[in-house]
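Enquirer: all I have is the shape, not the residue letters:
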């Protein structure tokens, strides 16, 4: 989950950086906004990869032990869903932030060029 948090912090860094650049009226470009979406995408992809790895390890342990209670299995699946939910939340935030900033920057660029 540390890796997912790293990508989340990276996304918030790019988000805050772009907001500060907009407030200070620095040069606006759509490329820097794409880093927000890229960070969120890496967060969700890392989450999916790590979740599949966890499921693979769990299924291997179940195969070795043979018989486990359904309560234990359900609780394990419930706990393993924490990281994917966290990654999905970060991804949704990044999509929303990317879309809003992209539209604001596009609008400001149109005002600057007079079109």
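Expert: Perfect, I can see it now. The shown structure was predicted, so the numbers you read here are calculated from the model rather than taken from an experiment.
Enquirer: from here on, contacts and neighbour counts on C-alpha atoms
Expert: OK.
Enquirer: can you map out the helices along the protein?
Expert: Secondary structure of the chain by DSSP state H: the helices cover 2-23, 30-65, 70-80, 82-113.
Enquirer: can you add mean neighbour count and give those back as TSV?
Expert: Output for the helices of the chain, formatted as TSV (neighbours: other Cα atoms under 10 Å):
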stretch	mean neighbour count
helix 2-23	17
helix 30-65	17
helix 70-80	11
helix 82-113	16
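Enquirer: weakest of those helices by average pLDDT?
Expert: Among the helices of the chain, helix 70-80 has the lowest mean pLDDT, at a mean of 86.
Enquirer: what distance separates it from the centre of its chain?
Expert: 25 Å (Cα atoms, centre = their mean, to the nearest Å).
Enquirer: how much does that helix deviate in direction from helix 30-65?
Expert: On the basis of axes from the mean of the first three to the mean of the last three Cα atoms, to 10 degrees, helix 70-80 is oriented at 160 degrees to helix 30-65.
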